[in-house]
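Colleague: Got a sequence here, can you model it:
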Amino acid sequence: DDEVEGPDDYVATYDVGVARDLEMLCANPDVVVRRGEKMIYCAGALAQAYAARGGRVVMCGKPHAAIYDLAFSLMDQAAGRPVDRRRVLAVGDGPDTDLAGADAQGLDSLFIAQGLHGAAVGGGLTPNDLKALLGERSESTAFAATAFSW
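Modeller: Numbering: from 1, shown residues only. Predicted coordinates for the structure are as follows:
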């Protein structure tokens with residue numbers, strides 16, 4: 001129950017996995033996500049805790065290249081031709097996952113400030129706000145918005 005439980009609630013499970021030399025596959029390296037006004041632990045937090053106890057972890061999602069290779073393969077297939085990466089915009093709220101992945105892939109990115117940071121961001125974003133939220137990564141982020149919806 002991700003509304004109540006956190007990574008520490010699975011210590012006994014991690015220990016069984018480590019003892020059996022089981023490898024954890026983490027499909028979403030995000031450590032936390034925002035659900036409304038609440039921050040919820042995500043799979044990345046469990047993977048970190050498992051690794052800290054000596055477990056082997058394979059990260060499969062952003063920012064790792066394999067997820068982009070799969071996404072572009074599927075886009076190429078759907079389009080019936082190779083998709084021009086210069087026309088792709090990566091959208092996300094996670095500096096260490098979404099933006100790092102976009103940077104590594106040479107993609108433009110749109111940072112959604114209120115995603116992880118919520119209402120603390122307020123209604124406007126200045127270059128100083130971005131620098132405070134993203135540090136040096138603000139230099140490579142192509143675009144930023146306070147919120148995103150469709």
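Colleague: list the contacts for the residue most central in space within the chain?
Modeller: Compute the mean C-alpha point of the chain, and by C-alpha atoms, centre = their mean the closest residue is residue 97, 3.5 Å away. Contact partners of residue 97, counting by C-beta atoms under 8 Å, 6 or more residues apart in numbering, are 29-30, 44, 61-63. For glycine as for every other residue, the C-beta is placed from the backbone atoms N, C-alpha and C.
Colleague: In helices, which of the residues you listed fall?
Modeller: Residues of those located in helices (DSSP state H): residue 44.
Colleague: Just the buried residues out of the contacts of residue 97, in PyMOL syntax.
Modeller: In PyMOL syntax, the buried subset of the contacts of residue 97 is picked out as below (16 or more other C-beta atoms under 10 Å):
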select buried, resi 29+30+44+61+62+63
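Colleague: export the contacts of residue 97 to JSON lines and tack on pLDDT and distance to residue 72?
Modeller: Compiled in JSON lines, these are given as follows (pLDDT from 0 to 100; distance: C-beta to C-beta, whole Å):
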{"residue": "29", "pLDDT": "92", "distance to residue 72": "19"}
{"residue": "30", "pLDDT": "92", "distance to residue 72": "21"}
{"residue": "44", "pLDDT": "95", "distance to residue 72": "23"}
{"residue": "61", "pLDDT": "90", "distance to residue 72": "15"}
{"residue": "62", "pLDDT": "92", "distance to residue 72": "13"}
{"residue": "63", "pLDDT": "92", "distance to residue 72": "15"}
